[in-house]
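Visitor: how does the following fold in three dimensions:
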Amino acid sequence: MKNTFGSSVSVTIFGESHGKMIGAVLDGMAPGVTVDPEFMAKQMALRQSVGALSTARREADKVQIVSGVVDGKTTGTPITLVIENGDTKSGDYEQMHYIARPGHADYTAYEKYHGFADHRGGGHFSGRITAGLVAAGSIAISALASKGIYIGTHIAACAGISDRKFENLEEDIKLLADKSFAVLSPEKEKLMYEAIEAAKHDGDSVGGILETAVTGLPAGVGEPWFDTVESIISHILFSIPAVKGVEFGDGFELASGFGSTSNDAFYAENGSVYTKTNHCGGILGGITNGMPLIVRCSVKPTPSIFKQQETVNFKTAENTPLQIKGRHDPAIVHRARVVADSAVALALSDMLALRYGTDYFAGNK
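Guide: Numbering: from 1, shown residues only. I've put the predicted structure just below:
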């Protein structure tokens, strides 16, 4: 289905940026999984704007759990999650109804939906729609944690400034859990802040790279060809607005190396198999090997900038200058971090349910 991801555990997203409400339906999640409203609220807060670094739009993002959860536990039936929109200023977009904002989906949405797409705030193509993904992802993250599987994402780079690499994964994932600006190095965090603020002052925007680590995954999950772990995770990560590249392990760096330095040597210890390095990012032949999964995605600069740009009126096919107004982010990489966590969690939940059965995450009475 067009707005649904997943086979065994699936998520369907709905709504528009300036519509009455947005949300998601999470289907196939086993019964007995804990749904903690406080944890869900914390995840939603991580997706929200961060002071001067983000848009002035302020939404409460309170999630209404309409079905599928009773007494804090999933029932096994579809979980419907609804989030009301409140702080909308649709008038900001009326003069741009047929103007193609560079870097946005205005023109492609117009063509795809024969001119009937909701143009306000990007409509169904807006990053606002990821709120439903985060709400559903919070349940998937809890389900994974019940199996000892933990996910953490940091801003590996922003505006050309690089964070330190993951070191002790367990400790780093804990460190990132409550950070609204998920950087491991305090010094690099300060520099990134300054670079984003400088871009905002100049009417411009910056992008970045998110790096996600997953610990506790068992070996043997995934398929060897078209449903590889890389394929499934890339599928959902590329669905996040502004993501333009995905790589696993050492990714593109491997292209300039040698087999002797790129291969991960195996060793056995206490009856278990490990690799001495993890250049492959925990995946071999499309299947997890039991080592930490490492995936990075690139997030392009926010396309809505306050500099004058050249574009077209796609209804009249006339060239026109564009000066965007309204409320926009000078960077979205810090807000996208929790979306990446949620997307990876949903993908892994689906793959684990396919591997071990739909009751893999089922709780005990």
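
Visitor: alpha carbons only: can I get stretch 267-284 in CSV?
Guide: Output of stretch 267-284 as CSV, limited to C-alpha atoms (Å, rounded to 0.1, in the frame of the first residue of the first chain):
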residue,chain,number,x,y,z
TYR,A,267,36.9,-15.2,16.4
ALA,A,268,35.1,-17.4,18.9
GLU,A,269,34.8,-16.7,22.6
ASN,A,270,32.8,-18.6,25.3
GLY,A,271,30.9,-20.5,22.6
SER,A,272,29.8,-17.4,20.6
VAL,A,273,31.1,-16.0,17.3
TYR,A,274,32.2,-12.3,16.9
THR,A,275,34.2,-10.2,14.5
LYS,A,276,37.3,-8.2,15.6
THR,A,277,36.2,-5.2,13.6
ASN,A,278,32.8,-4.1,12.2
HIS,A,279,33.5,-2.6,8.8
CYS,A,280,30.4,-4.4,7.5
GLY,A,281,28.1,-2.7,10.1
GLY,A,282,26.8,-5.9,11.5
ILE,A,283,25.4,-7.3,8.2
LEU,A,284,26.8,-9.9,5.9
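
Visitor: so where's the chain shaky on pLDDT?
Guide: 1, 49-59, 87-95, 326-327, 365 (pLDDT under 70).

Visitor: in it, spot the helix with the most residues.
Guide: Scanning the chain for the helix with the most residues, using DSSP state H, yields helix 333-356.

Visitor: C-alpha coordinates for that one, CSV please?
Guide: What follows is helix 333-356, C-alpha atoms only, in CSV (Å, rounded to 0.1, in the frame of the first residue of the first chain):
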residue,chain,number,x,y,z
VAL,A,333,19.0,17.1,11.3
HIS,A,334,18.7,17.4,15.1
ARG,A,335,14.9,16.9,14.8
ALA,A,336,15.3,14.0,12.3
ARG,A,337,17.4,12.1,14.8
VAL,A,338,14.4,10.6,16.7
VAL,A,339,12.7,9.9,13.4
ALA,A,340,15.7,7.8,12.3
ASP,A,341,15.5,5.9,15.6
SER,A,342,11.8,5.3,15.1
ALA,A,343,12.2,4.2,11.5
VAL,A,344,15.0,1.7,12.2
ALA,A,345,12.9,0.4,15.2
LEU,A,346,9.9,-0.2,13.0
ALA,A,347,12.0,-1.9,10.3
LEU,A,348,13.7,-4.2,12.8
SER,A,349,10.4,-5.0,14.5
ASP,A,350,9.0,-6.2,11.2
MET,A,351,12.1,-8.2,10.3
LEU,A,352,12.2,-9.9,13.7
ALA,A,353,8.5,-10.8,13.6
LEU,A,354,9.1,-12.3,10.2
ARG,A,355,12.1,-14.3,11.5
TYR,A,356,10.7,-15.5,14.8
